[in-house]
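Chemist: Need coordinates for the below:
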Amino acid sequence: MAQTITLSSKAMCEAAEREIETLAIEDAIKLHGGNDVLLVDIRDPRELSRDGKVPGAFHCTRGMLEFWIDPQSPYYKPQFGEDKKYVFFCAGGMRSALAAQTAQRMGLKPVAHIRGGFGAWKKAGGPVEPGDAPKKA
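Modeler: Residues are numbered from 1 along each chain as shown. Predicted coordinates:
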């Protein structure tokens, strides 16, 4: 018998966005480089290598997020203990909505995510460092 999925990923992302702050790309770019903000890139390492990075962003894969936030976890990262605003982003803005919701539910605050993610960042002319993937000839 086939599985019956009762909650779509789209519905989950929409629900997350009702709980968290969503930043327009222009507002997110203005925050870049601020001492009171940490941009958190939750994309897969292959995406960073292929597509590039936001200079100064902290990289945390989505799969390790909860463990890196939790101070009781052996994987805790001190970047999540700083008094900053945590702005999550992914490639297109869906995974980051879920990540920001999770972080907020865990008690991290304030948090937000970037509408449109890294794709919107690049399109809007936000600063980008090239990835390290070899260029195809």
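Chemist: in the stretch of helix or strand Thr102 belongs to, what counts as buried?
Modeler: Of the helices and strands defined by DSSP states H and E, Thr102 is found in helix 95-106. Under the neighbour-count criterion of 16 or more other Cβ atoms under 10 Å, helix 95-106 has 95-104 buried. For glycine as for every other residue, the C-beta is placed from the backbone atoms N, C-alpha and C.
Chemist: I'd like the next helix or strand past that helix.
Modeler: Once the chain leaves helix 95-106, the next helix or strand it forms, by DSSP H and E, is strand 111-114.
Chemist: these two touch, right, Ala100 and Ala112?
Modeler: Yes. Counting by Cβ atoms under 8 Å, Ala112 is a contact partner of Ala100 at 6.3 Å.
Chemist: Name the residues contacting each of the two.
Modeler: Residues touching both Ala100 and Ala112 by Cβ atoms under 8 Å, 6 or more residues apart in numbering: 20-21, 86, 88.
Chemist: Tell me which of the residues you listed fall in strands.
Modeler: 21, 86, 88 (DSSP state E).
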